[in-house]
Structures are given as structure tokens and as C-alpha cells.
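Asker: this one's structure only:
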């Protein structure tokens, strides 16, 4: 049982988990997004609603999810297409750094 815990405490496992969770959360967001876009007549009221601080924080979270999913997807592509090297576990750290940098850049732009 101890070996199972070590396998789940590996950076590659955490990169896998973040990539999958960000994908699931984004798939839950997309139908809501399309529904809002379909409500064209009420768009002015919706845009006014988006000025609330909680909505701004949710927008930031969405950008972080997109960056995490992009970084994780690039990591998976590299693992699939490139020959195995010891440095590839550093790709998970690079994906995390890209996610944080993108999220911080968006938060500062709000």
C-alpha cells in the first residue's frame, strides 16, 4: 500500500491530475458560456453583472484553468512524441510555472 501512495505523490501524477481536473471544469463551463452568449438581448445586464469582484475572481480562475490545461496538454504531447529523457519530469514544473505566470498576468490586467 505504501508504494501506491508514492506513485500518487510523484510530480507526474500531480500534473496528470491538474490536467484532467482542469479539463473537467472547463467542460462544465463551456455549456454555461454558450447559454449566456445565446441570451443576446439580455447581454447588457449580463455584462453589468460581470463587473462584480466575485465574477472577476471566477474569470481569473477560468484563465488559470485554461493555462493549466494548455500546459498539461503540451506536456502530454512532449511525453508522447519525444524520446524519454530524465529531464521530462521537469516539464510538469514548467507547465505549473506557465500556469501561474499566465494567471498572474491576467490578474494584474484586471
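Answerer: Perfect, thanks for sending it. Treat the numbers as computed from the prediction; the structure is a model and nothing was measured.
Asker: Next one: residue 47 from residue 64, what distance?
Answerer: Note on residue 47: its distance to residue 64, by C-beta to C-beta, to the nearest Å, is 22 Å. In this view, the C-beta of every residue, glycine as well, is placed from N, C-alpha and C.
Asker: the more surrounded of those two?
Answerer: Of the pair residue 47 and residue 64, residue 64 is the one with more neighbours under other C-beta atoms under 10 Å, namely 18 against 9.
Asker: Give the closest residue to that one in space, chain neighbours not counted.
Answerer: Of all residues not flanking residue 64 in the chain, residue 103 sits nearest, at 3.8 Å (C-beta to C-beta, 6 or more residues apart in numbering).
Asker: check which helix or strand covers the one you found.
Answerer: Counting by DSSP states H and E, the element that carries residue 103 is helix 90-109.
Asker: Mind listing what's buried along that helix?
Answerer: Taking 16 or more other C-beta atoms under 10 Å as the neighbour-count basis, helix 90-109 is seen to contain the buried residues 91, 92, 95, 96, 98, 99, 102, 103, 106.
Asker: how about the residues you listed in JSON lines, adding distance to residue 23 and pLDDT?
Answerer: Putting the buried residues of helix 90-109 into JSON lines (distance: C-beta to C-beta, whole Å; pLDDT from 0 to 100) gives the following:
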{"residue": "91", "distance to residue 23": "18", "pLDDT": "73"}
{"residue": "92", "distance to residue 23": "16", "pLDDT": "71"}
{"residue": "95", "distance to residue 23": "14", "pLDDT": "78"}
{"residue": "96", "distance to residue 23": "16", "pLDDT": "80"}
{"residue": "98", "distance to residue 23": "16", "pLDDT": "83"}
{"residue": "99", "distance to residue 23": "14", "pLDDT": "81"}
{"residue": "102", "distance to residue 23": "16", "pLDDT": "83"}
{"residue": "103", "distance to residue 23": "17", "pLDDT": "84"}
{"residue": "106", "distance to residue 23": "19", "pLDDT": "82"}
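Asker: which of these lies closest to residue 33?
Answerer: Of all the buried residues of helix 90-109, residue 33 sits closest to residue 106, with 16.7 Å by C-beta to C-beta.
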